[in-house]
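Q: Sequence and predicted structure, then a few things I'm wondering about:
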There are 2 protein chains.
Amino acid sequence: MAPDDRAQPEKGLPAAVVARLTIYLRALNSFLADGVDRVSSDALAEASGVSSSTLRKDLSQLGSYGTRGVGYEVENLLQHLSAALGLTRDWRVAIVGAGNLGRALARYGGFGTRGFDVVALLDTDPQIIGNEIGWLRVTDAANLEAVFERTRANMAVLALPASVAQSVCDRVVAAGVRSILSFAPTILQVPPGVTLRKVDMATELQILAYHAQRGESGGESGQPSAAAAHTQAHDDAARHRGPSA
Amino acid sequence: MAPDDRAQPEKGLPAAVVARLTIYLRALNSFLADGVDRVSSDALAEASGVSSSTLRKDLSQLGSYGTRGVGYEVENLLQHLSAALGLTRDWRVAIVGAGNLGRALARYGGFGTRGFDVVALLDTDPQIIGNEIGWLRVTDAANLEAVFERTRANMAVLALPASVAQSVCDRVVAAGVRSILSFAPTILQVPPGVTLRKVDMATELQILAYHAQRGESGGESGQPSAAAAHTQAHDDAARHRGPSA
DNA sequence: TAATGTGAAGTTTTTCACAGCC
DNA sequence: GGCTGTGAAAAACTTCACATTA
């Protein structure tokens, strides 16, 4: 049995690849908006800021969605990438923390590519609870568990000060959420089976500082390839372990 | 051979290492706040969510700042990490875009660990220009070049809609900034010599979706090590090329 | 004795180069 | 002819294991 083991998005993709797929997705959407029907691996790689070999290797892990001698059909590839990333179903996101950042995120209408519904916005501040932000009303974080159950939120975005981040994170996990995006400037611990990603301006600025500090070294400039001409930084690496069994 | 090529922070650190240094920095600050004087590589690794071998390898690239049989002095290591990351000098950050996100970032007082001064906040909206946000007054982005020169900003944070991000980015680069952190949900192209990092909720959610979609696979559970028990995702990878000469 | 620092081994990721197909 | 898909080579990164040193 099992005539074809290839093209199994369910099988487990390297973290670095997943991170790049999101970039390709954005580049493809951009091409689509410009009315471009087909792209070559070179063109897409250029727009994405990666090498064309990396791009082809990445895409080949999902299956053979290109046509030799021609390239990739933008819309088709977009479909397959979306499917691979799990964007065909809808995700219900609860934002915890309606301070400056939480409000900004909630109002951020173009919530990336669609597929992510913000279903709740919570806070503990009585002055903020009840306010209308975007299409949402801020609910009391004291009822976090109830709100998560009612809205069936399956992702949480933490827009909280560092001091309360861990305890709220624990409650969110206890409420059954296993995908968390934290904007809190602190290290969080989550149990196995929960995926946590972290976005942090301080970290990013520090990395920029490192590169700025050492100035641009007098690197050699003989690279005939145009593929390395631009600069783009991105992230990757998400670890998680199996269920507690 | 080559008796001592080590301990040269100026020599170029792997991108993955730089990303982790920022985590160690945060963990160390946390230890410091708790009044802890010394940490072992095991303890610091645990708090940072990495293996102790990785931690020691990383630190050894900076030099030998630990004491065998004892561990690392928190304050001392903090100093050395800060120096390695270029955080001993001050960086002047201009935030371009005073919409919801830009305002949130500007008000974000604990700007990570200190070392980053927000020196300007710019926008094009006449209704926003002149407003006071935090300790700043919003200035007209039409004068971007003048503002950057006057404030001697050497880092820029872009909190802009995708539609104008590239053109503003170009102006920022033309103004001489070579370190840019973009929150705009779009791919940006910058010339060689400029370091760009990108923070993007859509990307992060998509990566979470991927992991959530494939559920937690029934991985084998025989790992005796406790080092992999928690989950933390972080970023890395920043490419840049030599000066335009 | 305890815990760092580090060569060496192992694993993952990227690049190369070209076979295969349109 | 042109461009994808992919094995093989190269590079980067992580883990292991232990010599080393306070």
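A: Received the coordinates, thanks.
Q: Please identify the helix or strand for A:Ile128.
A: In this structure, A:Ile128 sits in neither a helix nor a strand according to DSSP states H and E.
Q: roughly how far apart are it and A:Ala141?
A: From A:Ile128 over to A:Ala141 the distance is 10 Å, taken as CB to CB, to the nearest Å. The C-beta positions use only the backbone N, C-alpha and C, and glycine is treated the same way.
Q: if you count what's nearby, which of these two comes out ahead?
A: In this view A:Ile128 and A:Ala141 are compared by other CB atoms under 10 Å in any protein chain shown, and A:Ala141 has more residues nearby, 22 against 19.
Q: Give me the secondary structure label for A:Val157.
A: Reducing the assignment to helix, strand or coil with DSSP: H, G, I helix; E, B strand; the rest coil, the entry for A:Val157 is strand.
Q: Need the overlap of contacts for A:Ile128 and A:Ala141.
A: Residues within reach of A:Ile128 and of A:Ala141 at once, by CB atoms under 8 Å, 6 or more residues apart in numbering or on different chains: there are none.
Q: got the CA coordinates for the biggest strand by length in chain A in CSV?
A: When secondary structure is assigned using DSSP state E, the longest strand within chain A turns out to be strand A:116-123. Once non-C-alpha atoms are left out, strand A:116-123 reads as follows in CSV (Å, rounded to 0.1, in the frame of the first residue of the first chain):
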residue,chain,number,x,y,z
PHE,A,116,-8.0,34.6,11.7
ASP,A,117,-11.0,35.9,13.5
VAL,A,118,-10.6,37.9,16.5
VAL,A,119,-13.3,36.6,18.7
ALA,A,120,-12.5,38.3,22.1
LEU,A,121,-10.6,41.1,23.6
LEU,A,122,-10.0,40.9,27.3
ASP,A,123,-8.7,43.1,30.0
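Q: Give me the contact list for it.
A: Strand A:116-123 is touched from outside by A:90-99, A:102-103, A:106, A:111, A:129, A:133-141, A:144, A:147-148, A:151-153, A:155, B:202, B:205, B:209, with contacts defined as CB under 8 Å, 6+ apart.
Q: let's go with 7 Å and repeat that
A: Under the contact criterion CB atoms under 7 Å, 6 or more residues apart in numbering or on different chains, strand A:116-123 has outside partners A:90-98, A:102, A:106, A:111, A:129, A:133, A:136, A:138-139, A:141, A:144, A:147, A:151, A:153, B:205.
Q: Go back to the residues you listed and keep what's next to DNA strand C.
A: Subset of the contacts of strand A:116-123 in contact with DNA strand C: empty, counting by CB under 7 Å from any atom of the strand.
Q: Just these: which are in helices?
A: Taking DSSP state H, the ones among the contacts of strand A:116-123 that sit in helices are A:102, A:106, A:144, A:147, A:151, B:205.
Q: ok, those vs DNA strand D, which is closest?
A: Comparing these against DNA strand D with CB to the nearest atom of the strand places B:Leu205 closest, at 23.6 Å.
Q: Assess the claim that that closest one and A:Thr195 are in contact.
A: No. Counting by CB atoms under 7 Å, B:Leu205 stays clear of A:Thr195, with 11.3 Å between them.
Q: Show me what from chain A comes close to DNA strand C.
A: Taking CB under 7 Å from any atom of the strand as the measure of proximity, chain A contacts DNA strand C at A:14-17, A:50-51, A:53-54, A:56-57, A:67-70.
Q: Now, of those residues, which are buried?
A: Neighbour counting by 16 or more other CB atoms under 10 Å in any protein chain shown classes A:15-17, A:50-51, A:54, A:56 among the residues of chain A next to DNA strand C as buried.
Q: And A:Ser40, how close does it get to B:Gln189?
A: Computed with CB to CB, the distance linking A:Ser40 and B:Gln189 is 18 Å.
Q: typed the wrong thing, it's A:Thr67
A: As defined by CB to CB, A:Thr67 lies at a distance of 27 Å from B:Gln189.
Q: All the helices of chain A, in order from the start?
A: With DSSP H as the definition, chain A shows helices at residue ranges A:15-33, A:41-48, A:52-60, A:74-85, A:100-107, A:144-151, A:162-174, A:201-213.
Q: For the first one, what is the distance to the chain centroid?
A: Relative to the mean C-alpha coordinate of its chain, helix A:15-33 is positioned 11 Å out (CA atoms, centre = their mean, to the nearest Å).
Q: That helix near chain B anywhere?
A: Yes. Applying CB under 7 Å from any CB of the partner chain, one finds that helix A:15-33 is in contact with chain B at A:18-19, A:22-23, A:26-27.
Q: Please consider this matter closed, and thank you.
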